[in-house]
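Visitor: need coordinates for the below:
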Amino acid sequence: QVQLVETGGGLVQAGDSLRLSCAASGRTFNPYAMGWFRQAPGKEREFVAVINWSGSSTYYAASVKGRFTISRDNAKNTMYLQMNSLKPEDTAVYYCTAGQSSRARHVSEYDYWGQGAQVTVSS
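Guide: Numbering: from 1, shown residues only. Prediction:
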């Protein structure tokens, strides 16, 4: 089992920045690809970004590419999501997740999930 805990959410204004962290514990953190998903009220959970186990490969949803940066520090068992130029449409609960493949883009392809962190962007 891998336990994931997100921190760093909050209320910001449009154009501001925010950094989410995801701390992992339990089984070895390194072999897993790590990702971020988000879910806005009344909408399905959607893919945001993923990073492979070594941190050498990343992939982003078109809606966040160029504004968000995913990274990980395996020595600290922690993953990050740096969010810049935030927009009101980025408002959602952000979930940290771990899975077998960095090619995974769907909820069903991931094995472990955090409890979520609320990000609210006001206009």
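
Visitor: which one in the protein is furthest away from the centre?
Guide: Ranked by distance from the centre of the chain (CA atoms, centre = their mean), the top residue is S123, with 22.5 Å.

Visitor: ok, it touching E89?
Guide: No: in this structure, S123 is not within contact of E89 by CB atoms under 8 Å, at 9.8 Å. Heads up, the C-betas are built off the backbone N, CA and C, glycines and all.

Visitor: nearest spatial neighbour of the residue most central in space within the chain, skipping sequence neighbours?
Guide: Nearest to the mean C-alpha position of the chain, by CA atoms, centre = their mean, lies W36 at 2.4 Å. For W36, ignoring the flanking residues on the chain, the nearest one in space by CB to CB, 6 or more residues apart in numbering is V48 at 4.2 Å.

Visitor: again with T120
Guide: In space, and not counting its chain neighbours, T120 is closest to L11: 4.6 Å by CB to CB, 6+ apart.

Visitor: quick one: name whatever helix or strand follows the helix or strand hosting that neighbour.
Guide: Taking DSSP states H and E as the criterion, L11 maps to strand 10-13. Proceeding C-terminally, strand 10-13 gives way to strand 18-26 as the next helix or strand, assigned by DSSP H and E.

Visitor: let me know the angle separating the very next helix or strand once past that next one from strand 18-26.
Guide: Along the chain past strand 18-26, the next helix or strand (assigned with DSSP H and E) turns out to be strand 33-39. Between the axis of strand 33-39 and that of strand 18-26 there is an angle of 130 degrees, by axes from the mean of the first three to the mean of the last three CA atoms, to 10 degrees.
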